[in-house]
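Student: Mind folding the following:
(one chain, ligands or ions: 1)
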Amino acid sequence: MRAARKSGAPVLLGHTERVSADVDPSAVVFASRGVDDHWFCFEQPDRAGAALAALGTVARLTASGPARFKQVAAAWRALAATAVSDLPDGPPGAGLVAVGGFAFAPDGGKAPHWAGFEAADLVVPEVSFARRGEDVRLTLAALVGPDDTAEDVAARLAARAAGLSLAPLPLLDPAPVGHFRIDSVAPPEHYEAAVARAVERIRAGAFEKIVLAREVTVNAPTAHDAAAVFGVLRSGFESCYVFCAGRGDAAFVAASPELLVRREGARAQTVALAGSTRRSADPAVDDHLGEQLLRSNKDREEQAIVVRRIARALRPHAVWVAAPDEPEVIKVANIQHLATPIRAQLAHPVGAIELASLLHPTPAVGGEPHAMAAPLIPAFEGLDRGWYAGAIGWTDANDDGEFCVALRCALLRDTEARLYAGVGVVRDSDPASELNETEIKLGALLPILAG
Ligand SMILES: C=C(O[C@H]1C=CC=C(C(=O)O)[C@@H]1O)C(=O)O
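Tutor: Residues are numbered from 1 along each chain as shown. I've put the predicted structure just below:
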């Protein structure tokens, strides 16, 4: 109150406390949503149950255009600079945070179905939970005005906390009654033709790589249940970033294998992910497929382009950037990829949002050189990517945070789901194989959403 009165402006207040290890942060958020609430759940189950789940809106920071990362970072910094909260303690993400996402394109998400998902869109939540292992913290936040009394603010926070429900996540109906309709928004032949045209341009020397995506819709007989879908994803894709961001009656949900950036103090971490092959239920065949991927010149080049660009983007801001010479194969439920973990020691304070902006879009989702490929992506794809292939995550009051790349995702609104999957196209890409690769990637969510 004193800080607000002194400045004459509202001040962000945060109170954090430890809660029982039994509290399931995402389940609480899903169960406690009101119709107008924004919500956000972000987990990586394999990393000691790492979770950040948030509900409600103290402030919403939005922007559009090429400076959108910078603009929301500045707005968050202004709020965090005068904030009053407990000393930082507990797992990453405990305390005051801003959570949300950035569309792939600077002005992305203009199509009607992306309504509510702004090109840069962070929410400072009223309630947030952070978990690592057995340590679960609850943070309650409010904007305190010069005329507020301590009793008013305490009553507001207590009312929010009292409205939280501990119900578990709902189960997905295993045998829904009715008919599901699956449609490729553009015919698959169009996609193959786009890949063929991109390959021609690459061979003519216009650019090195471009990522082209498809959109597939699933119309269900009843409304898609984002909470149940999230529950299935987090138990089937434990190594992935499983997230769900809610805006009104829409939810954007995913199980993404790709970290865009994690910033902890002066350390930044990312991964160069590209090159894909399917999984097999037979372990010997599965390993053989992984070996083939490691030996595929086409996939190695596709992935090396990503490593080079990330290192180039980080170097001007880092004391050192470290990456192994050879990629490794990572296996996710339905797919395997080439991956190179990349770490950097920052030379000066660059916040998590600025790091995301330096790296986004990597050639795992954009192209190389990006300036040449960028205008061709919407032209070849004929779709509004919205938040697909954008950056989703959170940042705290110290500008630490974590953003993943929104892959293997779907936008759910009522009975409609829109799924997105793309592939990296290089000079040796074969249109039919690339179409098949989109089917493998769509296979992460299709069986869950299409009954
Ligand atoms: C663009 C996507 O995946 C990227 C990440 C890993 C492997 C990729 C590939 O092999 O093409 C893509 O670059 C997607 O899943 O929609």
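
Student: How about the residues of this protein by the ligand?
Tutor: The chain has residues 211, 213, 258, 273-276, 337, 364-365, 407-408, 421-424, 441 near the ligand, with proximity defined as Cβ under 6 Å from any ligand atom. C-beta coordinates here come from the backbone N, C-alpha and C atoms, glycine included.

Student: Out of those residues, name the ones that lie in helices.
Tutor: With helices identified by DSSP state H, the entries of these that belong to them are residue 441.

Student: Tally up the residues packed near residue 15, please.
Tutor: For residue 15, the count of nearby residues is 18 (other Cβ atoms under 10 Å).

Student: Verify the contact between it and residue 157 for me.
Tutor: Yes: shown here, residue 15 and residue 157 form a contact pair, counting by Cβ atoms under 8 Å, at 6.5 Å.

Student: next helix or strand past the lowest-mean-pLDDT helix or strand in the chain?
Tutor: Of the helices and strands making up the chain, the lowest-confidence element is helix 2-7, at a mean of 70, by mean pLDDT, DSSP states H and E. Along the chain past helix 2-7, the next helix or strand (assigned with DSSP states H and E) turns out to be strand 11-19.

Student: Residue 134 reaches residue 22, doesn't it?
Tutor: No: the pair formed by residue 134 and residue 22 falls short of the contact definition of Cβ under 8 Å, at 9.5 Å.

Student: Is the spatially most central residue of the chain in a helix, a strand, or coil?
Tutor: To find the centre residue of the chain, average its C-alpha atoms and take the closest one (Cα atoms, centre = their mean): that gives residue 392, at 3.0 Å. When classified by DSSP: H, G, I helix; E, B strand; the rest coil, residue 392 comes out as strand.

Student: which residues touch the residue in the stretch 51-200 of the chain positioned nearest to the ligand?
Tutor: Residue of the stretch 51-200 of the chain nearest the ligand, by Cβ to the nearest ligand atom: residue 104 (10.1 Å). The contact partners of residue 104, taken as Cβ atoms under 8 Å, 6 or more residues apart in numbering, are 361, 365-366, 385-390, 406.

Student: which neighbours do residue 15 and residue 157 share?
Tutor: Each of residue 140 lies in contact with both residue 15 and residue 157 under the rule Cβ under 8 Å, 6+ apart.

Student: Could you check which of residue 134 and residue 22 has the larger neighbour count?
Tutor: Set side by side, residue 134 and residue 22 give different neighbour counts by other Cβ under 10 Å, the larger being at residue 134 (11 against 8).

Student: Model confidence for the closest residue to that one other than its chain neighbours, exactly?
Tutor: Distances taken as Cβ to Cβ, 6 or more residues apart in numbering put residue 21 closest to residue 134, at 4.1 Å, once the chain neighbours are dropped. pLDDT, residue 21: 98.

Student: any idea how far residue 21 lies from residue 137?
Tutor: 11 Å (Cβ to Cβ, to the nearest Å).

Student: Look at these two and report which has more neighbours.
Tutor: residue 137 (22 against 12).

Student: Please list all residues in contact with the more buried one.
Tutor: With Cβ under 8 Å, 6+ apart as the criterion, the residues that contact residue 137 are 16-19, 89-91, 94-95, 129-131.

Student: What residue in the stretch 251-400 of the chain comes nearest to the ligand?
Tutor: Scanning the stretch 251-400 of the chain for the residue nearest the ligand gives residue 276, at 3.5 Å (criterion: Cβ to the nearest ligand atom).

Student: hmm, back to that, any idea what the residue nearest to the centre of the chain is bridged to?
Tutor: residue 101, residue 404 (DSSP bridges).

Student: what's the burial count for residue 236?
Tutor: 17.

Student: nearest spatial neighbour of it, skipping sequence neighbours?
Tutor: That would be residue 333: by Cβ to Cβ, 6+ apart, it lies 5.4 Å from residue 236.

Student: same question, residue 190
Tutor: Distance criterion Cβ to Cβ, 6+ apart; nearest residue to residue 190, sequence neighbours excluded, is residue 382 at 7.6 Å.

Student: Do I have it right that that neighbour meets residue 186?
Tutor: Yes: with the criterion set as Cβ under 8 Å, residue 382 and residue 186 qualify as a contacting pair; they are 5.9 Å apart.

Student: domains of the chain?
Tutor: Under the assignment named as the TED database, the residue ranges that make up the domains of the chain are 1-163, 181-223+258-450.

Student: wait, isn't residue 105 in contact with residue 119?
Tutor: Yes: because the distance of 7.4 Å satisfies Cβ under 8 Å, residue 105 is recorded as touching residue 119.

Student: So which of those two has more stuff around it?
Tutor: More crowded of residue 105 and residue 119, by other Cβ under 10 Å: residue 119, with 26 against 21.
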